[in-house]
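Visitor: pasting a predicted model and its sequence here:
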Amino acid sequence: MSLTNLEDVFLDVLKDTLDAEKQILKALPKMAKGTVSEELKAAFTEHKAVTEKQVERLESVFKSINKAARGKHCPGMEGLLEEGSELIKEEEAGPALDAALICAAQKVEHYEIAAYGSLVTYAKMLGLKDAAKLLAETLKEEKDTDLALTKVAAKLNFEAQEED
Ligand code: FE
Ligand code: FE
């Protein structure tokens, strides 16, 4: 038992999210390798660069509240990433796998949007202006990524539909 107040919840979600981002960093190159779509490969590769910045931003948030930037294992993200890696392991590369990979990737983004949305709210309520600003930047990036994936999906889903 360690959650007593909103500050505790903020720190707990922050630790979970740092771990989640680090897991994502490791998974993105594998996802980029698993797709035959140049667009999706580019989207995954670009999001890896964005994610590196997001980890740095989280470290700044920890620093701003004088806490060590230590993650706490995030089983939710492990499960979501496992869905993607199982697909790559078990399915043949091609449009259908790509369509499924986009869905898996969007589940990851939605997890992050939920986490950062809550973190921004907590930071604002706790009067942590700098932290709120940093977290809001990342929240926007995750939303933009989700939208970008939706656009790629429109094309790749159609290609998967054409396969027989
Ligand atoms: Fe992220
Ligand atoms: Fe993301």
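Guide: Thanks, I have it. Ligands and ions are numbered 1, 2, ... in the order given.

Visitor: buried set for the longest helix anywhere in the chain?
Guide: Across the chain, the helix with the greatest residue count (assigned by DSSP state H) is helix 129-162. Neighbour-count burial for helix 129-162 flags 131-132, 134-136, 138-139, 141-143, 145-146, 149, 152-153, 155-157, 160 (criterion: 16 or more other CB atoms under 10 Å). All C-beta spots, glycine's among them, are computed from the backbone N, C-alpha and C.

Visitor: equivalent analysis for stretch 99-115, please.
Guide: By 16+ other CB under 10 Å, the buried positions in stretch 99-115 come out as 99-102, 104-106, 108-109, 111-113, 115.

Visitor: tell me which of the residues you listed fall in helices.
Guide: Reading helices off the buried residues of stretch 99-115 with DSSP H, I get 99-102, 104-106, 108-109, 111-113, 115.

Visitor: and which of those is nearest to ligand 1?
Guide: Ligand 1 has its nearest neighbour among these in residue 112, at 4.7 Å by CB to the ion.

Visitor: contacts only, for that closest one.
Guide: 17, 20, 21, 24, 138, 142 (CB atoms under 8 Å, 6 or more residues apart in numbering).

Visitor: repeat that with 6 Å
Guide: residue 142 (CB atoms under 6 Å, 6 or more residues apart in numbering).

Visitor: can you narrow the buried residues of stretch 99-115 to ones near ligand 1?
Guide: Taking CB under 5 Å from the ion as the test, ligand 1 is in contact with residue 112 out of those.

Visitor: got the residues of the protein near ligand 1?
Guide: Residues of the chain found near ligand 1 (CB under 5 Å from the ion) are 51, 54, 112.

Visitor: run the last query once more with 6 Å
Guide: Taking CB under 6 Å from the ion, the part of the chain that reaches ligand 1 is made up of 21, 24, 51, 54, 112, 142.

Visitor: dump these to JSON lines, plus pLDDT and distance to ligand 2.
Guide: Formatted as JSON lines, the residues of the chain next to ligand 1 follow (pLDDT from 0 to 100; distance: CB to the ion, whole Å):
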{"residue": "21", "pLDDT": "98", "distance to ligand 2": "8"}
{"residue": "24", "pLDDT": "98", "distance to ligand 2": "6"}
{"residue": "51", "pLDDT": "98", "distance to ligand 2": "6"}
{"residue": "54", "pLDDT": "98", "distance to ligand 2": "7"}
{"residue": "112", "pLDDT": "98", "distance to ligand 2": "5"}
{"residue": "142", "pLDDT": "98", "distance to ligand 2": "5"}
